[in-house]
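Chemist: what would the 3D arrangement of this be:
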Amino acid sequence: MADLYLPATTDTPEIDFKFSSNTLHIAGEAYPENGVEFFLPILRQLQSHLKSISGDPIEFHFKLTYFNSVSTKILYSMFELLNEYAKAHPNSVLLHWYHDEEDDTILGFGLDIQEDFTWIDFNAIATA
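Modeler: Numbers count the residues shown, from 1 in each chain. Next up is the predicted model:
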């Protein structure tokens, strides 16, 4: 599957999914006017990729500094896909969760992800 790169805009994050190396990056802010329209093709490509591999390790670098409620729902769908993959292939998904050391909201959301998606290995990384 071809890699997926979308540059950041004022209201959408940078998406850099290197399917060729199973490394996923999402960074910036996510409050697109139509979150479903923005994220749905990304979710479909991720789902297709996960079906095409079998137990290969995946690293997800999550560096969002802000995301709205619509984006939150869709991000949960992304984590559900990764959690199901990790459930079928234990210890295969590592989520690096970057957060400003003073941003309790982003960290709190990450800790919720850790609690809700127990098959995903979680690594919180504080940044200055």
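Chemist: how about the longest helix along the chain: buried residues?
Modeler: In the chain, with assignment by DSSP state H, the single longest helix is helix 69-88. Across helix 69-88, burial judged by 16 or more other Cβ atoms under 10 Å covers 70-71, 74-75, 78-79, 81-83, 85-86. Yep, even glycine has a C-beta here, placed from its N, CA and C like the rest.
Chemist: just stretch 45-57 next, same as before
Modeler: 45-46, 49-50.
Chemist: for it, what is the average pLDDT?
Modeler: For stretch 45-57, mean pLDDT rounds to 95.
Chemist: need the residues that contact that stretch.
Modeler: If you take Cβ atoms under 8 Å, 6 or more residues apart in numbering as the criterion, stretch 45-57 is touched by 1, 4, 17, 19, 22, 24, 78, 81-82, 84-85, 88-89, 91-94.
Chemist: what about the helices in this structure?
Modeler: Counting by DSSP H, the helices of the chain are 35-52, 69-88, 104-116.
Chemist: output the last one as PDB, restricted to C-alpha atoms.
Modeler: The one in question is helix 104-116. Extracted C-alpha coordinates of helix 104-116, given in PDB (Å, rounded to 0.1, in the frame of the first residue of the first chain):
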ATOM      1  CA  ASP A 104      -3.300  18.200  31.400                       C
ATOM      2  CA  THR A 105      -6.200  18.100  28.900                       C
ATOM      3  CA  ILE A 106      -4.100  16.300  26.100                       C
ATOM      4  CA  LEU A 107      -2.400  14.100  28.700                       C
ATOM      5  CA  GLY A 108      -5.800  13.200  30.200                       C
ATOM      6  CA  PHE A 109      -7.200  12.200  26.900                       C
ATOM      7  CA  GLY A 110      -4.200  10.100  26.300                       C
ATOM      8  CA  LEU A 111      -4.700   8.400  29.600                       C
ATOM      9  CA  ASP A 112      -8.300   7.700  28.700                       C
ATOM     10  CA  ILE A 113      -7.100   6.100  25.400                       C
ATOM     11  CA  GLN A 114      -4.700   4.000  27.500                       C
ATOM     12  CA  GLU A 115      -7.600   2.900  29.700                       C
ATOM     13  CA  ASP A 116     -10.100   2.300  26.900                       C
END
